[in-house]
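K.L.:
I would like the atomic coordinates for the input below:
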Amino acid sequence: MSHDQLQPADAGDVRAAFTRRSLFRGAGALAAGSIVADAARSAAAAPSVRLEGALEIELSINGAAQKVKVEPRTTLLNALRNHCSPPLTGAKLVCDRGSCGACTVHVDGRPVYSCMTLAIDAVGKKVTTVEGLAKGGELTEVQRAICEHDGSMCGFCTPGFVMSITACLERKPDATLDEIKHACAGNLCRCGTYPHLFDAALAAGRALRAKGGK
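P.N.:
Numbers count the residues shown, from 1 in each chain. Predicted coordinates for the structure are as follows:
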């Protein structure tokens, strides 16, 4: 090794090599390493829980308790249609990937895709399906308006629209057309009867306001 190789580096070279970017990169790596280490320690300390096989759970559906035996992977839609007694088939199985809205139900008053919700995640919550809207055989304002405005063509998507529009008007009876359209953005009608559905939703909103939002 030569004498020159033993000389200390020039201070300017050191400053050039030690930039703010390298400082932040090093700090980021240190922080990431700390996070990973903390996560590893937490995982090691946490008890191991393994869910397998069928589980008996209790769901609150349309105001009544339903005990169903399902696997942990079972969706809420599957539980409603295939495990409840009697079967609740109003929510439709169409896309099975949360892109059409035909399986929409309410969970604690919020519209959700039941095909993308696990049944076990609905435990302790209030589930409402389209079957639970009409009381004593009397249609709701939304259901009645859809009938009166010919908002149902083949009818397969109708339950999902009923649930989305109902949630929207329960939250805001004076919802505008744009707000109703936004509420239905996740619902598809392959027959293309959107104008009738939106007219029905506006009419239902007027009826609800006349009744004091009830």
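K.L.:
what's Gly90 in contact with, if anything?
P.N.:
With contacts defined as CB atoms under 8 Å, 6 or more residues apart in numbering, the neighbours of Gly90 are 129-131, 159. Yep, even glycine has a C-beta here, placed from its N, CA and C like the rest.
K.L.:
can I get the residues you listed in JSON lines with neighbour count?
P.N.:
As requested, the contacts of Gly90 are arranged in JSON lines below (neighbours: other CB atoms under 10 Å):
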{"residue": "Thr129", "neighbour count": "24"}
{"residue": "Val130", "neighbour count": "24"}
{"residue": "Glu131", "neighbour count": "17"}
{"residue": "Pro159", "neighbour count": "25"}
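K.L.:
just curious, which of those residues is nearest to Asn78?
P.N.:
If you rank the contacts of Gly90 by distance to Asn78 using CB to CB, Thr129 comes first, at 13.3 Å.
K.L.:
which stretches of the chain form helices?
P.N.:
For the chain, helices defined by DSSP state H occupy the ranges 3-6, 11-17, 20-45, 76-82, 141-148, 158-171, 177-183, 194-210.
K.L.:
where in the protein is pLDDT low?
P.N.:
Residues of the chain that meet the criterion pLDDT under 70 lie in 1-51, 213-214.
K.L.:
what's near enough to touch the residue nearest to the spatial centre of it?
P.N.:
To find the centre residue of the chain, average its C-alpha atoms and take the closest one (CA atoms, centre = their mean): that gives Val112, at 4.4 Å. Val112 makes contacts with 76, 104-106, as judged by CB under 8 Å, 6+ apart.
K.L.:
again, only this time at 10 Å
P.N.:
Residues touching Val112, when contacts are defined by CB atoms under 10 Å, 6 or more residues apart in numbering, comprise 76, 98, 103-106, 121-122, 125, 127, 163, 167.
K.L.:
Bridged to it, which residues?
P.N.:
Counting by DSSP bridges, Val112 forms beta bridges with Val105.
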